[in-house]
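Student: Have a look; sequence and predicted model below, questions after that.
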Amino acid sequence: MSRIGRIAVTVPAGVEVSIAEGNVVTAKGPKGTLVQTMHPAMIIRKEGATVVVERPSDEKEHKSLHGLTRTLVNNMVVGVSTGYKKQLDIVGVGYRAAKQGTTLQLSLGYSHGISFEEKDGITFEVPNANTIIVHGADKQKVGQIAAQIREKRPPEPYLGKGVKYTDEVIRRKSGKAGK
């Protein structure tokens, strides 16, 4: 039995989960609405204030889909109730971020500026010129946008300059050996 798959997903107050035909799961909450189609072989039921995911057999494919489906449903419920966020730090002289309306403007040492628009329920917060916080209800989209921002100037190992996640540890290299 999947250790993750057998845990029931608890639906908090203020969140409504519905399961339509074809395993289309819809979660509505204060942060928005998420809809996702799950694998048709999985058995998804709503029991009171919980959602239970079961597998039809012990085939290898069903075993691997069991935990995945439960995690996807849980991510939807957490996303519409509390939301997700990723925090990025900008390190480097002259590197900065600014928010103009719904656009995130980045100066990362290139001859041109880089901009990202808020869309699909993703919002940006810039508490200072060297910090970016990406907010949203969809965990996958938040991670994808944060990764796209990071790839514009990934951190380099010698000086540590670039865009990095706040909890990311950069392995530093010593540079020239010296005398």
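Tutor: Ah, there it is. Small disclaimer: the values here were computed from a predicted structure and weren't measured.
Student: For Gly32, which non-adjacent residue is spatially closest?
Tutor: Leaving aside its sequence neighbours, Gly32 sits nearest to Ala137 (Cβ to Cβ, 6 or more residues apart in numbering; 4.5 Å). The C-beta positions use only the backbone N, C-alpha and C, and glycine is treated the same way.
Student: who's in contact with the one you found?
Tutor: Applying Cβ atoms under 8 Å, 6 or more residues apart in numbering, we find Ala137 in contact with 29, 31-32, 34, 79-80, 83-84, 121.
Student: Please narrow those to those residing in strands.
Tutor: If you go by DSSP state E, these have 29, 32, 34, 84 in strands.
Student: Quick check: buried residues in the helix ranked longest in the chain?
Tutor: Of all segments of type helix in the chain, defined using DSSP state H, the longest is helix 60-81. For helix 60-81, a neighbour-count test (16 or more other Cβ atoms under 10 Å) marks 62, 65-81 as buried.
Student: again, but for stretch 24-41
Tutor: 25, 27-29, 31, 34, 36, 38.
Student: Just the C-alpha atoms of that stretch, please, in CSV.
Tutor: Only the C-alpha atoms of stretch 24-41 are listed here, as CSV (Å, rounded to 0.1, in the frame of the first residue of the first chain):
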residue,chain,number,x,y,z
VAL,A,24,-12.1,15.8,-13.1
VAL,A,25,-11.4,17.3,-9.7
THR,A,26,-12.4,20.9,-9.0
ALA,A,27,-11.2,22.7,-5.9
LYS,A,28,-12.7,26.2,-5.0
GLY,A,29,-11.4,28.3,-2.2
PRO,A,30,-10.5,31.8,-1.2
LYS,A,31,-7.4,31.9,-3.4
GLY,A,32,-9.2,30.8,-6.6
THR,A,33,-10.4,27.7,-8.4
LEU,A,34,-8.3,24.9,-9.8
VAL,A,35,-9.4,22.1,-12.1
GLN,A,36,-7.4,19.0,-13.0
THR,A,37,-8.2,15.8,-14.8
MET,A,38,-6.7,12.8,-12.9
HIS,A,39,-5.9,9.4,-14.4
PRO,A,40,-9.2,7.6,-15.2
ALA,A,41,-8.1,4.3,-13.5
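Student: now what about it, what contacts it?
Tutor: Contacts for stretch 24-41 (Cβ under 8 Å, 6+ apart): 14-20, 22-23, 44, 55-56, 61-62, 65, 69, 72-73, 76-77, 79-83, 121, 137-138.
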